[in-house]
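Novice: the sequence isn't on hand, but the structure is:
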């Protein structure tokens, strides 16, 4: 009897899920404290680069979108179980993840960068020879700087607890520049016209929407993202959140197929 009740409940849940799909609602999970990718504003509404991407993609396939706040690690279980249709939160595509999850095509190349004053003479990584640069402690920027200090002849690496302190020292000329993640710096320096991106450091990391393996909506959402790239919508979203046009040839402007595990 218990087994029969459990099966009936499971069937009812299945119907509820199918009904939600039929009603044209795309459920998207997101880590809600991850600006500029996704975050909640003062009124509790989701905003961010990926929020705009997911909202526009859903609109193009004729669906409304509902965002659910989840912890980053919880996103993987939520897609696998079908609790949510897609997950966003600057999630990198990699081969291990592709074995158990599906991803749309990427829409952002998450490179590293050196940020500095607009009149800096640094144009290449080789120009860092003899210079002092800053990093935020325990970040990929710090790891890169320590790994490459000898290679590029960096004179000194100064560590900061907060990005705003690093950028203030760059602005005041106390250090030549700061090493860190491209998007974070682009977002932060929008209101600081005296600073700019000096050098882009390719890392191969790319962000995309993640879903349950072979999710039924994946092809349509992927096609919508391709169309957003082709008609310039994704470039406009990039400029809205980062203050600059995306670089030519990046995944923000280049239509791609659904990635597959190697």
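Specialist: That came in fine, so what should we check first? The shown structure was predicted, so the numbers you read here are calculated from the model rather than taken from an experiment.
Novice: which residue is nearest the centroid of this structure?
Specialist: Geometric centre of the chain, nearest residue: residue 90, 2.8 Å, by CA atoms, centre = their mean.
Novice: for residue 77, which non-adjacent residue is spatially closest?
Specialist: Nearest residue to residue 77 in three dimensions, chain neighbours excluded: residue 83, at 7.8 Å (CB to CB, 6 or more residues apart in numbering). In short, each C-beta sits where N, CA and C put it, glycine included.
Novice: the chain: helices as residue ranges?
Specialist: Using DSSP state H, the helices found in the chain span residues 2-22, 49-60, 72-81, 95-98, 140-152, 163-171, 182-188, 218-230, 233-242.
Novice: ok so, going back, would you agree the residue nearest to the centre of the chain is in contact with residue 36?
Specialist: No. Between residue 90 and residue 36 there is no contact, the gap being 9.5 Å when judged by CB atoms under 8 Å.
Novice: could you name every residue contacting both of these two?
Specialist: Counting by CB atoms under 8 Å, 6 or more residues apart in numbering, the contacts common to residue 90 and residue 36 are residue 183.
Novice: show me where this structure dips below the pLDDT cut-off.
Specialist: For the chain, the stretches with pLDDT under 70 are 1-23.
Novice: what about residue 136, distance to residue 180?
Specialist: 6 Å (CB to CB, to the nearest Å).
Novice: isn't residue 220 up against residue 61?
Specialist: Yes. Contact criterion CB under 8 Å: residue 220 and residue 61 qualify, at 4.6 Å.
Novice: of those two, which one has the most company?
Specialist: A direct count of neighbours by other CB atoms under 10 Å for residue 220 and residue 61 places residue 220 higher, at 17 against 14.
Novice: contacts only, for that one.
Specialist: Going by CB under 8 Å, 6+ apart, residue 220 touches residue 61.
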